[in-house]
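**Q** the sequence and its predicted three-dimensional model are supplied below.
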Amino acid sequence: MKYTRSVLIVEDEEIIRTSLLEFLTDEGYQAMAAPNVATALKLAREREFQVAVCDVQLPDGDGLALLRKLQQITPGVSGLIITAYATVENAVEAFKSGAFDYLVKPVIFDDLANKLARLFQYRDLYLENQILRRELARRDDGDEIVGSSTILREVQDSARKVALANANVLLVGESGTGKELFARMIHKWGPKKDERFLAIHCGMRPIEMLESQLFGAAAGTIPGSGEQSGAFRSAESGTVYLDEITLLPLAMQAKLVRAMEYSEVLPLGSADAAKIQCRIIASSSRDLAQEIAEGRFQDDLFYRLDGVKLLIPPLRDRLDDIPELVDFFIARHSKVMNRRVTSATSETIRLLLTANWKGNVRQLDNAIQRAVMLCDSAQITPKDLPPDLVGISQPLPDTDDLRTAIRHYEKMHILRVLKLCPDKREAAKRLKLGLSSLYRKIEELGIDL
């Protein structure tokens, strides 16, 4: 595994500092040096270091305290402490501060080289372990985008292109359409797929808890809790998914704008900003333009997110996917419940094609889960479905031909819209069809106006 081997040297004695810098540079490390705490913190905010080699005694502070601050700025940074005295107490204090090991003055270059080699070997093994664990988790969770309808394929194609760009993304769609699933797939298809994916719901309360979850918090800021890194820092170069971003309070929206503009966050209760490098994917089931007009959403944040926007289609616009989704959910829930349910009857599929899916794919998933639980045979029948779902459905012709059933539903749907909106131009807009396409559908389906 190849990782940037970047080292920050913090040493106030110029001869030692220069010697260490030259030695590490010759050894192939990307090394930089600082004479004091202030300079070290400034360098750490400007770029990322994997390892910090810190002297304990510095003119403007303590090296152990510095290491803790560096770990706040860059979570996961490893430390080597330089001390003038090799005592058990010093070693214990160094390890408590998060140091990997310590060096005794005068520093022996071979000792430094060996300890750095072991440290980076440990980091490589740790990162490899984390990647494998995440890969196993992804394989086990069974999450995938199911369906082969034209509209779904078009959205997936756009999502794959967006994913490769590693840009921030806004997902817009009704509740239950699978926005978080698309967010996870964008992360998986992107260049940082082996990094972390963290999902935060923006409706979390109390507000202080939400703010600390996102931006982090200094120790003691929230009663009963220690220092928190926050999602933006914990994700490192991975992805943070902000579910229902319109629920984010206005003050935090302003903080998010700054985070996106300057790639840094200000933890709650802290005066020091911390650098971030994650991708942000946000979602909303509300009309953002209306939220802005009513003063609940900042236009600055909207413009930063709206550049790359994907519209996730509701289930009623992808009816062709229902049989495939039903098979997928039956297989998943049968495995979890240890039931021998293999399919749904054609009558059940016809009924599902006519239901009013206000809850979209999530509602269908819940309906199949219930049906698998109650089913007495290998096939789901209409009596196994939720009563309210059966009650709102419309009859379909008694046929197993899926195309005939979908054609019948399409005719019913167009007729319903035309009754609500006799103006064909406006009806075409509601149906998301061109006017000529609507006239062609009316003729093909034999709709009597």
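**A** The structure has been received and is ready for your questions. Quick caveat: nothing in here was measured; it's all calculated off a predicted structure. Numbers count the residues shown, from 1 in each chain.
**Q** show me the domain layout of this protein.
**A** Per automatic domain parsing, the structural domains of the chain span 6-127, 147-313, 316-395, 403-444.
**Q** as JSON lines, these with mean neighbour count and mean pLDDT would be great.
**A** Where you see a C-beta, it was placed from the backbone N, CA and C, and this is true even at glycine. Formatted as JSON lines, the domains of the chain follow (neighbours: other CB atoms under 10 Å; pLDDT from 0 to 100):
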{"stretch": "domain 6-127", "mean neighbour count": "17", "mean pLDDT": "84"}
{"stretch": "domain 147-313", "mean neighbour count": "18", "mean pLDDT": "89"}
{"stretch": "domain 316-395", "mean neighbour count": "17", "mean pLDDT": "86"}
{"stretch": "domain 403-444", "mean neighbour count": "14", "mean pLDDT": "80"}
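**Q** helices along the stretch 151-300 of the chain, start to end?
**A** 179-189, 207-215, 231-234, 250-262, 288-293, 299-306 (DSSP state H, counting those that start in this stretch).
**Q** Phe120: which of those is closest?
**A** helix 231-234 (21.8 Å; CB to CB).
**Q** what comes into contact with the closest one?
**A** Helix 231-234 is contacted from outside by 75, 196, 198, 200, 213-216, 240, 259, 265, 274, 276, 278, using CB atoms under 8 Å, 6 or more residues apart in numbering.
**Q** so which of the helices of the stretch 151-300 of the chain gets nearest Leu66?
**A** Leu66 lies closest, by CB to CB, to one member of the helices of the stretch 151-300 of the chain: helix 231-234, at 17.9 Å.
**Q** so which of the helices of the stretch 151-300 of the chain gets nearest Ala44?
**A** Here helix 231-234 is closest among these (CB to CB), at 12.6 Å.
**Q** quick check: phi and psi on Val308?
**A** phi -120, psi 100 (degrees, to the nearest 10).
**Q** ok, it touching Asn166?
**A** No - Val308 lies out of contact with Asn166 (CB atoms under 8 Å); the separation is 10.7 Å.
**Q** how close does Ala289 get to Leu125?
**A** Counting by CB to CB, to the nearest Å, the gap from Ala289 to Leu125 is 50 Å.
**Q** hang on, I meant Gln277
**A** On the measure of CB to CB, Gln277 and Leu125 end up 23 Å apart.
**Q** what does Leu250 give?
**A** For Leu250, the distance to Leu125 - CB to CB - is 45 Å.
**Q** one more: Arg5?
**A** 15 Å.
**Q** what are the ranges of the helices in the stretch 1-150 of the chain?
**A** Along the stretch 1-150 of the chain, counting by DSSP H, counting those that start in this stretch, helices occupy 14-26, 37-46, 63-73, 88-96, 109-141, 150-165.
**Q** how about Gly216: what's its closest non-neighbour residue?
**A** Leaving out its chain neighbours, the residue that sits closest to Gly216 by CB to CB, 6 or more residues apart in numbering is Gly230, at 3.0 Å.
**Q** revised request: answer the last question for Met373.
**A** Met337 (6.4 Å).
**Q** quickly find the element holding the closest residue to Leu445 other than its chain neighbours.
**A** What sits nearest to Leu445 in space, not counting adjacent residues and going by CB to CB, 6+ apart, is Lys411, at 4.4 Å. Using DSSP states H and E, Lys411 sits in helix 402-420.
**Q** just the CA trace of whichever helix or strand comes after that helix, in PDB.
**A** The C-terminal neighbour of helix 402-420 among helices and strands, as given by DSSP H and E, is helix 424-431. The C-alpha atoms that make up helix 424-431 are tabulated as PDB, following Å, rounded to 0.1, in the frame of the first residue of the first chain:
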ATOM      1  CA  LYS A 424     -53.300  19.300 -22.400                       C
ATOM      2  CA  ARG A 425     -50.200  21.500 -22.400                       C
ATOM      3  CA  GLU A 426     -50.400  21.700 -18.600                       C
ATOM      4  CA  ALA A 427     -51.200  18.000 -18.300                       C
ATOM      5  CA  ALA A 428     -48.100  17.200 -20.400                       C
ATOM      6  CA  LYS A 429     -46.000  19.200 -17.900                       C
ATOM      7  CA  ARG A 430     -47.400  17.300 -15.000                       C
ATOM      8  CA  LEU A 431     -46.800  14.000 -16.700                       C
END
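**Q** all further residue positions should be reported with the first residue as 10.
**A** Will do, 10 is the new start, and the previous item becomes helix 433-440.
**Q** helix or strand right after helix 433-440?
**A** Downstream of helix 433-440, the first helix or strand assigned by DSSP H and E is helix 444-453.
**Q** check which helices and strands that next one is in contact with.
**A** Counting contacts by 3 or more CB pairs under 8 Å, 6 or more residues apart in numbering; DSSP states H and E, helix 444-453 is packed against helix 411-429, helix 433-440.
**Q** out of those, nearest to Thr390?
**A** Taking CB to CB, helix 411-429 is the member of the helices and strands packed on helix 444-453 nearest to Thr390, at 16.7 Å.
**Q** the closest one vs helix 444-453, what angle?
**A** For helix 411-429 against helix 444-453, the angle between stretch directions is 120 degrees (axes from the mean of the first three to the mean of the last three CA atoms, to 10 degrees).
**Q** can you name the residues that contact Gly225?
**A** When contacts are counted by CB under 8 Å, 6+ apart, Gly225 touches 81, 236-239, 241-242, 274, 276-277, 279, 283.
**Q** between those, which is nearest Gly443?
**A** Phe241 (43.2 Å).
**Q** so that closest one versus Ala192, what's the distance?
**A** 15 Å.
**Q** now swap in Asp296 and tell me
**A** The gap separating Asp296 from Ala192 is 20 Å, by CB to CB.
**Q** what do you get for Leu29?
**A** Plainly put, Leu29 is 44 Å away from Ala192 if you go by CB to CB.
**Q** what of Val155?
**A** Distance from Val155 to Ala192, by CB to CB: 16 Å.
**Q** rewinding a little: and the helices of the stretch 160-309 of the chain as a markdown table, adding distance to Gln388?
**A** Formatted as a markdown table, those follow (distance: least, CB to CB, whole Å):
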| stretch | distance to Gln388 |
| --- | --- |
| helix 188-198 | 27 |
| helix 216-224 | 45 |
| helix 240-243 | 44 |
| helix 259-271 | 49 |
| helix 297-302 | 43 |
| helix 308-315 | 45 |
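**Q** ok, which of these comes nearest Leu398?
**A** When the helices of the stretch 160-309 of the chain are compared by CB to CB, helix 188-198 sits nearest Leu398, at 22.0 Å.
**Q** which strands or helices does the closest one pack on?
**A** Secondary-structure packing of helix 188-198 (3+ CB pairs under 8 Å, 6+ apart): helix 159-174, strand 178-181, strand 206-210, strand 248-252, strand 288-293.
**Q** let's go with 6 Å and repeat that
**A** helix 159-174 (3 or more CB pairs under 6 Å, 6 or more residues apart in numbering; DSSP states H and E).
**Q** what separation do you get for Ala437 and His422?
**A** In this view, Ala437 and His422 are 13 Å apart by CB to CB.
**Q** likewise Glu273?
**A** Using CB to CB, we find Glu273 at a distance of 50 Å from His422.
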